[in-house]
Structures are given as C-alpha cells and as structure tokens.
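structure here, sequence nowhere to be found:
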C-alpha cells in the first residue's frame, strides 16, 4: 500500500492508499448530539453487543494523500450522521471500518471488454463475467487475487454478457441465461474445470422468455445439487440438470428433467427471484408485489405482498438465510425491507398465508439515498442490493451492500434492525439513512458483494466490480 497519491491514470492499476477517519472527531459529534437531546431510533439489536455508533453512520469523503487523517477530519460531513442510537452497553471506541480500503485487482490481460456481473464463490474461486469471457479470481482471507485465467464465452458476438449467471453444483459449473431475449429460453452450462461450455438446454419451450434463474437454496451452489429454478414473466419452473441429453449444439437443444412449476394465465410480470437456506423462495414483480412460495407447492404462492404505493418495480431481490428478511431493490432509488414472520415468530409467509391484517404485509423499513447525494450525483439509481453472504443456520447477516452509479453503498444491518424494532409501527415506514459510501470510481459500479462468511472471520470483505476493474477490501470490522 503506497502512501503517496498516484496519478489519475495510475490509480486504477496500483494499490490505493488507505485512509482513516479520526475516531475522536466522530466521538465528539456523537457526544454533542447526545448532550443536545437528539432523538433516538431505539435500543440496540439484541443479537449483537456491538455499539451501533459504527462506521456505517458516516458517508466517507475523499482524503488528501499528504495528510489523510487531517483531510477527513476537516471535511467530515456531520449531516450523514442521522438519529444516533442509544446503547446500554459500554461504548465501542475501536477505530471505524472504512469502505475506502479498496485495492485494485489486476484483471486478465486478454480482455478489455466491459464487466457485467460478479459471482462470488464460497470455495476457492470467484468469477467476473465480462462480455466476451469469464475471469477467474482466487478467494483468500485478504480478499480476492488475480489468477490470469480467462474462459471465453461462446456467444461473444453479441457483445454482451449472459443476462444472468449462477454458480452451480459445488461451484464446478456456471449456469448462464443467454443475452439475446429471442433465445432466452436456453440455459448454457459452463464447466469451470474444463473451461468451456459443455451443455445447452431449452427450458421454457417456444413461447416463454426467462428473466431469471436461481439455485434451489441459499447454499446449494456449494453443495452437490443438480436442481435449479427458472423464472419467466408468467411462469415458475424447477429443473434437474442430471440429463445425458444436454448438448452444445444450439440447433438441437434438449431440456433437463422438469420437476414442476406453474404458468400463470394472468400477466404476473415477474422480474427476479431469490431462495432461502431451506429452499423457500421469493419472487419480485414489475408492479412491486412480492410472492412467497413454499418448497412443496410451486403452483400457488402462500403469501402475496402488494406493491408499495406509488408503484415501484422490484428490480432485484435477496432474502436472509433463515428467510425472515426480504431485501427488495426498486426502480425508485430506494430499497425496501420486509419481515416475513408473524404470530410471534412461530411461522412465516412462506409456510402459511400471511393474514391480510398483518402489518408485515407492509415494508418495515426503507433505505433511501440522502437528498444531497441524489442532487450531487444525478442519474444513478440503487441497484442489486444484497445481504452479506452466510450459508449456515444460526449465522446472521451483518451488512447490506448495493451499487449506486460509480459508488458502492453499505448499511449496517444490525442498525437497520434496531431501527425497525424500536421505530414506528406499520403502516408508518421506518427509514435508515445511515450508510457508508465508497470513493467515486472512474467507471460505473456493476455489482458490490460481500465474500462468503468463512473468509471474513470477524469482518466483512467487500468486492466491488466496475465495468473495467475489480476492487477488493479487507479487514472491515463489524463486531
């Protein structure tokens, strides 16, 4: 890590200098806020003994290379510290973690095509999907490292990456939904050990266009599991990839075994889906509604949650491992959080139809961008919000990450939950504006993700992909 400020050209190819905010200055701000009787958002999340006055309460600013500490102290933006929470625990005075500890990871020298998707692996590899290839990176406790391995894509002539990709079957395979909407009934199977596409299947017949594919559970990409879901605008289907008839030749595609599903007569306008650790799944729609399905019945949703008014399309969706929380990114520049449990936590909307009178049919919290950031950076919208990645029962998600134009944004999920638990009851909507922003990148951020929790220890390593570069950030302490 260099301590001198590199030139604008060199910044993208060298290690970026690490900057730190003065923790004393942050303590002074919170002390003044408490003394002045600022309002509280409630008690601390009982699942954590952490002080909620952590780095997620501050949107970071750029620092001078000659004196990063002084620059950050002088430019600290106190307006982003919103509604500090009170805690009965002793205040944590450890230095705050920063999203600025991002180090550029060199990409493959064989490709300069734009990146479209980031696929984090729970094993020893992660993958950056570009328009003409899939780049392979090595996971480590310090983040990700380049391998200089690049797997060419068979349909590179389209000059765009697959519409959607998922790691599959102990992360040996990559399922890819074709980029061309006219042929998006076909799913290609790339063998990541043989470094080539080995099969191509026609899943949805001649009529239905697939908009998403998903693994059968939150952790199944790390397990021997041949099943996966396909989502069309009006259909849900489950498939078994164990078929000897998969072929590379696109002129004679063969479908794997169909395990069940449903084709809706009405225009449901499905857009995205996500699965829980037990295999329940949530489906988002263009009208903002969310449907919850159990494992045994794909033909009818157990619970349908109406869209928030005014209507906002669900552009991406994620769920917590235990299924309790739903994270829905909208096209209106905010993220909605839903709680699926009711009846005192004894059941949830995946297993039992949620009563129409239940307050959980309404979003419990909204994560917007601050007006000053919306005005300062006109144009971008929040996209692809994700929980930090856990695949073991009992482990809890700690962070929410999303992309915003040339920035990555991070929320402390423990703070968000404490606001929900101590905030106003439904139908009023709680709001959390305590987040952390990365320094502006040279290109658009296509995806931000946390590494698998086994690589994190007591921290959350964040990987950020722009259209040209990949950044890795380690040692972001959240305990």
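Received the coordinates, thanks. These numbers were taken from a predicted model, which means no experiment stands behind them.

which SS state does residue 418 fall under?
On the three-state scheme (DSSP: H, G, I helix; E, B strand; the rest coil), residue 418 is labelled helix.

what about it, neighbour count?
Using other C-beta atoms under 10 Å, residue 418 is surrounded by 25 other residues. For every residue, glycine as well, the C-beta is placed using N, CA and C.

what of residue 430?
21.

quick check: beta-bridge partners of it?
Judged by DSSP bridges, the bridge partners of residue 430 are residue 365.

ok, residue 203 touching residue 212?
No - in this structure, residue 203 is not within contact of residue 212 by C-beta atoms under 8 Å, at 11.8 Å.

shared neighbours of those two, anything?
residue 230 (C-beta atoms under 8 Å, 6 or more residues apart in numbering).

show me what contacts residue 456?
With C-beta under 8 Å, 6+ apart, residue 456 has these contacts: 388, 450.

ok, residue 263 next?
208, 232, 234-235.

filter the residues you listed to the buried ones?
Buried by 16 or more other C-beta atoms under 10 Å: 208, 232, 234-235, out of the contacts of residue 263.

if we take these, which one ends up nearest to residue 327?
Nearest to residue 327, judged by C-beta to C-beta, of the buried ones among the contacts of residue 263 is residue 232 at 22.6 Å.

surely that closest one touches residue 213?
No - Residue 232 lies out of contact with residue 213 (C-beta under 8 Å); the separation is 10.5 Å.

report how many residues lie close to residue 240.
Neighbour tally, residue 240, other C-beta under 10 Å: 14.

count of neighbours near the residue lying closest to it once chain neighbours are set aside?
Spatial nearest neighbour of residue 240, excluding adjacent residues (C-beta to C-beta, 6 or more residues apart in numbering): residue 257 at 4.2 Å. Neighbours of residue 257 under the rule other C-beta under 10 Å: 13.

residue 257 and residue 199, how far apart?
13 Å (C-beta to C-beta, to the nearest Å).

which residues are in contact with each of the two?
In contact with both residue 257 and residue 199: no residue, using C-beta under 8 Å, 6+ apart.

mind listing what's buried in stretch 379-398?
Applying 16+ other C-beta under 10 Å to stretch 379-398 flags 380-391, 395-398 as buried.

how about those residues, which pair is most distant?
380 and 395 (31.7 Å).

the residue nearest to residue 403 when sequence neighbours are not counted: how many residues sit nearby?
For residue 403, ignoring the flanking residues on the chain, the nearest one in space by C-beta to C-beta, 6+ apart is residue 445 at 4.3 Å. Using other C-beta under 10 Å, residue 445 has 26 neighbouring residues.

residue 445: what's it in contact with?
403-408, 438, 464-466.

quick check: it vs residue 175, distance?
Taken as C-beta to C-beta, the span from residue 445 to residue 175 is 24 Å.

the closest residue to residue 303 other than its chain neighbours: neighbouring residues, count only.
Of all residues not flanking residue 303 in the chain, residue 349 sits nearest, at 3.6 Å (C-beta to C-beta, 6+ apart). Other residues near residue 349 number 30, with proximity taken as other C-beta under 10 Å.

can you tell me which residues contact residue 349?
Contacts of residue 349 (C-beta under 8 Å, 6+ apart): 292, 302-303, 305, 340, 342, 360.

strands - which of the residues you listed land there?
292, 303, 305, 342 (DSSP state E).

residue ranges of the strands in the stretch 151-300 of the chain, please?
164-168, 173-177, 186-191, 196-202, 210-215, 227-232, 235-240, 257-263, 270-275, 281-285, 290-293 (DSSP state E, counting those that start in this stretch).

most tightly packed of these?
strand 281-285 (a mean of 26; mean count of other C-beta atoms under 10 Å).

can you name every helix or strand that that strand contacts?
strand 270-275, strand 290-293, strand 314-319 (3 or more C-beta pairs under 8 Å, 6 or more residues apart in numbering; DSSP states H and E).

show me where pLDDT drops low in the stretch 51-200 of the chain?
Filtered on pLDDT under 70, the stretch 51-200 of the chain yields the residue ranges 51-111, 155-160, 181-184.

OK, contacts around the closest residue to residue 350 other than its chain neighbours?
Of all residues not flanking residue 350 in the chain, residue 280 sits nearest, at 3.8 Å (C-beta to C-beta, 6+ apart). Counting by C-beta under 8 Å, 6+ apart, residue 280 makes contact with 292-295, 323, 350-351.

next one: residue 399
387-388, 410-413, 450, 460, 462, 478 are the contacts of residue 399 under C-beta under 8 Å, 6+ apart.

state the distance from residue 264 to residue 301.
10 Å.

any idea how far the closest residue to residue 387 other than its chain neighbours is from residue 383?
Of all residues not flanking residue 387 in the chain, residue 397 sits nearest, at 4.1 Å (C-beta to C-beta, 6+ apart). When distance is defined by C-beta to C-beta, residue 397 is 19 Å away from residue 383.

likewise for residue 178?
21 Å.

list the contacts of the nearest residue to residue 176 once chain neighbours are set aside.
Nearest non-adjacent residue to residue 176, counting by C-beta to C-beta, 6+ apart: residue 162, 3.9 Å away. Residues in contact with residue 162 (C-beta under 8 Å, 6+ apart) are 116-117, 129, 153, 155, 176-179, 188.

residue 162 and residue 115, how far apart?
Residue 162 is 12 Å from residue 115, by C-beta to C-beta.

what's the answer for residue 414, then?
Taken as C-beta to C-beta, the span from residue 414 to residue 115 is 31 Å.

which stretches of the protein form helices?
Listed in chain order, the helices of the chain (DSSP state H) span residues 8-11, 23-35, 68-74, 371-376, 413-422.

mean pLDDT for those helices: which is lowest?
Note on those: lowest mean pLDDT is at helix 8-11, with a mean of 28.

JSON lines please, covering the buried ones among the contacts of residue 263 and showing pLDDT and distance to residue 221.
Shown next, in JSON lines, are the buried ones among the contacts of residue 263 (pLDDT from 0 to 100; distance: C-beta to C-beta, whole Å):
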{"residue": "208", "pLDDT": "75", "distance to residue 221": "25"}
{"residue": "232", "pLDDT": "90", "distance to residue 221": "22"}
{"residue": "234", "pLDDT": "91", "distance to residue 221": "26"}
{"residue": "235", "pLDDT": "90", "distance to residue 221": "23"}
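
which pair in these spans the largest distance?
208 and 234 (6.8 Å).

any stretches of the stretch 201-350 of the chain with poor pLDDT?
Scanning the stretch 201-350 of the chain for pLDDT under 70 picks out 204-207, 243-255.

wait, doesn't residue 186 sit right on residue 176?
No - the criterion here is C-beta under 8 Å, and residue 186 misses it with residue 176 at 9.3 Å.

find the residues that touch each one of residue 162 and residue 115.
Common neighbours of residue 162 and residue 115 (C-beta under 8 Å, 6+ apart) are residue 129.
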